[in-house]
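1. just a sequence and a predicted model for now, questions to come.
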Amino acid sequence: MKSLIQATIAILVVSALLMYAADAMSANGGKSGKDTLTIFNWGEYIDPDLLKQFEKETGIHVIYETFDSNEAMMTKIKQGGTAYDIAVPSEYMIEKMKEENLLLPLDKTKIPNFKNIDPYFLDLPFDDNNEYSVPYFWGTVGIVYNPDLVGDLDFSSWEDLWDPSLKRKVFLVDGAREVIGMGLNSLGHSLNSLDDHELRQATNKLITLAPNVKAIIGDEITPLMINNEAAVALTWSGQAADMLFENEDLDFAVPEEGSNLWFDNMVIPKTSKNVDGAHAFINFMLKAESGAQNADYVGYSTPNIAAMNLMDKEVVTDERFYPSEEQRKKLEVYKNLGPEYLGKYNELFLEFKMSIR
Amino acid sequence: MSKLSTSAKVYLAIVFIVLYAPIFYLVFYSFNSGDSMTNFQSFTLDHYKAVFEDSRLLVILINTVIVALLSALISTIIGTLGAIGIVTVKDSKMRNTLLSLNNVLIVSPDVIIGASFLILFTMVGIKLGFASVLLAHVAFSVPIVVLMVLPKLLEMNKSLIDAALDLGASKKDVMMRVILPYIQPGIFAGFFLALTYSLDDFAVTFFVTGNGFSTLSVEIYSMARAGISLTVNAISGLVFFVTILVVVGYYFFTSRTSKRTGGQQ
């Protein structure tokens, strides 16, 4: 009995000491309102120094939280409980959030640095006029490959994936739109196709890819590629950039037939308690200096032209990650397909998955 | 336990190697001066320095430990009382129902528990943060504690209680001097299991964190998207080291008390 009481007291004392320590380290934490800003972003998706700079410049205390999927992020914003002032969803999720009425329209007069963004990335189908969102990072879907393991294939065409020499060597991301979109692109169709015949054709084509497919997986592909354990993977350029950073032998290509252009964007959720602060933060992140510093740190492609001027020439002229205007014409942003066709895409993707053994 | 055959020793050694190898591999690379876990370049403490310089990560680490300690403590108290309550139920049908309800909570998926808590908390109006995480952790730990304490209670000889009552002990005395000391090993086992459950829970915690309060598992999950950085190795190494200290401390503590009580139980 005595030891039970002793243990209880010990635990309480230790907890109290730890609480005191945590409190001392994060003065002013846990409150949301005028002088704090709660940011909800992907993990490892910002240079932490920028947050400190922002705090110093504006006196606003930043609470920074991370998520690992669009869906999880939306669930928490929709359910409330925390007043997020900034979130960074991907383009299709913004469309959904707009439909659910979860976003506040932006006041552009408070974001003078908006002019720094390449017009090419503005006014896109998921958010006309950029009423709710500001591009944060962007990229493409393409093929990351290990030249030592694939012979002389260079993946300038999607056809290369079907090459018989790649038997059981190809990894695909587990996304219906990415994979079906790739099938459509390889036939020269739009990846937003709503044509049943084209979709059928694309699926049939994909099924012939089945012998080459090793696995359909998610983020696990990164360590596999880095350690030279996999030869070819269909993935997003951002992920590919991470892989190339770790393993310089790898290469990345966006096939010429066309591909997907994806975005992550800053938005202000309706729950925001500090709308002015949120605008100030967006404006801060759009500054040339912050944009360049952030892109250097994260390694994804920035849509900020002014920032690109401050960055290493070698990086921003790398056409694998900053495609030329010619290439960009082939890139398409995902359109909202509507529930009926979204279901259809998923069904066809499932059919393709089942054809793999 | 005195003599193990050679083959048993070898088997045991293999089991321990398999269990510990990944952890040592991870800790080993936390001292790597390179950027990845592919090849070891040279020894450095930079990653540990990075952990201690990142005050956000430290606060999250401390929060994780506080939540684990407090939720394990509270759920141990509730769970122990609950187990005693279940045992004292005379009607066996009723007792089985209570036990099944307890077990359902153990086998139900974390994601569902997490989502239901999120809905409950926002409905009741509890702000997400420390309190919500603590409550959720207490909730999923209680059934585990019940399950750890119950066998001890069931193996206890009922005549012990009768004897104590015959000798004039009050109900309080019976509880404090007979039952609790007897089931103490179960209570500690329950506490430590609750502690580990709380430390590594991601699915429930993700839903109920908010307002700048986060735990290590949630943080590492979102960090892992960009590939596990060696900072994660360093922080995992620290947690592992502290865990070993706690376990060693616990055994030291119990062996000392058992020596004092003449090696009984």
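-> Structure received. Numbers count the residues shown, from 1 in each chain, chains lettered A, B, ... in the order given.

2. C-terminal to the longest strand anywhere in chain A, what's the next element?
-> In chain A, with assignment by DSSP state E, the single longest strand is strand A:133-145. Later in the chain than strand A:133-145, the nearest helix or strand by DSSP states H and E is helix A:147-150.

3. the least confident helix or strand in chain B by mean pLDDT: which residues count as buried?
-> None of the helices or strands of chain B scores lower by mean pLDDT, DSSP states H and E than helix B:230-260, at a mean of 81. For helix B:230-260, the neighbour count (16 or more other C-beta atoms under 10 Å in any protein chain shown) marks B:230, B:231, B:232, B:233, B:234, B:235, B:236, B:237, B:238, B:239, B:240 as buried. C-beta: built from backbone N, CA, C; applies to glycine.

4. what is that helix packed up against?
-> Applying 3 or more C-beta pairs under 8 Å, 6 or more residues apart in numbering or on different chains; DSSP states H and E, we find helix B:230-260 packed against helix A:2-25, helix B:6-29, helix B:46-53, helix B:55-88, helix B:180-200, helix B:216-223.

5. could I get those helices in a markdown table, plus columns for distance to residue A:179, mean neighbour count and mean pLDDT?
-> Formatted as a markdown table, these follow (distance: least, C-beta to C-beta, whole Å; neighbours: other C-beta atoms under 10 Å in any protein chain shown; pLDDT from 0 to 100):
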| stretch | distance to residue A:179 | mean neighbour count | mean pLDDT |
| --- | --- | --- | --- |
| helix A:2-25 | 45 | 14 | 86 |
| helix B:6-29 | 32 | 11 | 92 |
| helix B:46-53 | 37 | 15 | 86 |
| helix B:55-88 | 36 | 21 | 91 |
| helix B:180-200 | 33 | 20 | 91 |
| helix B:216-223 | 25 | 22 | 84 |
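
6. now tabulate those helices in TSV and tack on distance to residue A:236.
-> Below are the helices and strands packed on helix B:230-260 laid out as TSV (distance: least, C-beta to C-beta, whole Å):
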stretch	distance to residue A:236
helix A:2-25	35
helix B:6-29	26
helix B:46-53	27
helix B:55-88	26
helix B:180-200	29
helix B:216-223	17
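
7. out of those, which comes closest to residue A:183?
-> helix B:216-223 (30.9 Å; C-beta to C-beta).

8. and that closest one, anywhere near chain A?
-> Yes - using C-beta under 8 Å from any C-beta of the partner chain, helix B:216-223 reaches chain A at B:218, B:219, B:221, B:222, B:223.

9. re the thing from before, nearest to residue B:171, out of the buried residues of helix B:230-260: which one, please.
-> Of all the buried residues of helix B:230-260, residue B:239 has the smallest distance to residue B:171: 42.3 Å, by C-beta to C-beta.

10. what's the burial count for residue A:314?
-> 7 (other C-beta atoms under 10 Å in any protein chain shown).

11. pLDDT score assigned to it?
-> You'll see residue A:314 listed with a pLDDT of 89.

12. for the closest residue to chain A within the stretch 1-150 of chain B, give me its contacts.
-> In the stretch 1-150 of chain B, the residue that lies nearest chain A is residue B:128 (3.8 Å; C-beta to the nearest C-beta). Counting by C-beta atoms under 8 Å, 6 or more residues apart in numbering or on different chains, residue B:128 makes contact with A:81, A:82, B:118, B:121, B:122, B:208, B:209, B:210, B:211, B:213.

13. show me what the residue lying closest to it once chain neighbours are set aside is bridged to.
-> Spatial nearest neighbour of residue B:128, chain neighbours left out: residue B:210 (2.9 Å); criterion: C-beta to C-beta, 6 or more residues apart in numbering or on different chains. When assigned by DSSP bridges, residue B:210 has beta-bridge partners residue B:213.

14. what residues does the stretch 51-200 of chain A put near chain B?
-> Selection of the stretch 51-200 of chain A residues close to chain B by C-beta under 8 Å from any C-beta yields A:63-68, A:72, A:75-76, A:79-83.

15. mind listing the strands for chain A?
-> If DSSP E is used as the criterion, the strands of chain A fall at A:36-42, A:61-67, A:86-87, A:133-145, A:170-173, A:213-217, A:232-236, A:251-253, A:259-267, A:331-332.

16. out of those, deepest packed?
-> Ranked by mean neighbour count, the strands of chain A are led by strand A:86-87 with a mean of 27 (mean count of other C-beta atoms under 10 Å in any protein chain shown).

17. let me see the mean pLDDT of it.
-> Computed over strand A:86-87, the average pLDDT equals 95.

18. repeat that for stretch B:121-138.
-> On average, stretch B:121-138 scores 89.

19. ok now it, how far from the chain's centre?
-> The chain centroid and the centroid of stretch B:121-138 are separated by 20 Å, computed with C-alpha atoms, centre = their mean, to the nearest Å.

20. can I get the CA coordinates of that stretch in PDB?
-> Extracted in PDB, the C-alpha atoms of stretch B:121-138 (Å, rounded to 0.1, in the frame of the first residue of the first chain):
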ATOM      1  CA  PHE B 121     -15.800  16.800 -27.300                       C
ATOM      2  CA  THR B 122     -16.900  19.300 -29.900                       C
ATOM      3  CA  MET B 123     -20.600  18.600 -29.000                       C
ATOM      4  CA  VAL B 124     -20.100  19.000 -25.300                       C
ATOM      5  CA  GLY B 125     -17.900  22.100 -25.900                       C
ATOM      6  CA  ILE B 126     -14.700  20.900 -24.500                       C
ATOM      7  CA  LYS B 127     -11.800  22.800 -26.100                       C
ATOM      8  CA  LEU B 128      -9.400  20.500 -27.900                       C
ATOM      9  CA  GLY B 129      -6.000  20.400 -26.200                       C
ATOM     10  CA  PHE B 130      -4.500  19.000 -23.100                       C
ATOM     11  CA  ALA B 131      -7.800  18.200 -21.400                       C
ATOM     12  CA  SER B 132      -9.300  16.400 -24.400                       C
ATOM     13  CA  VAL B 133      -6.100  14.300 -25.000                       C
ATOM     14  CA  LEU B 134      -5.900  13.400 -21.400                       C
ATOM     15  CA  LEU B 135      -9.500  12.300 -21.200                       C
ATOM     16  CA  ALA B 136      -9.300  10.300 -24.400                       C
ATOM     17  CA  HIS B 137      -6.100   8.500 -23.200                       C
ATOM     18  CA  VAL B 138      -7.700   7.800 -19.800                       C
END
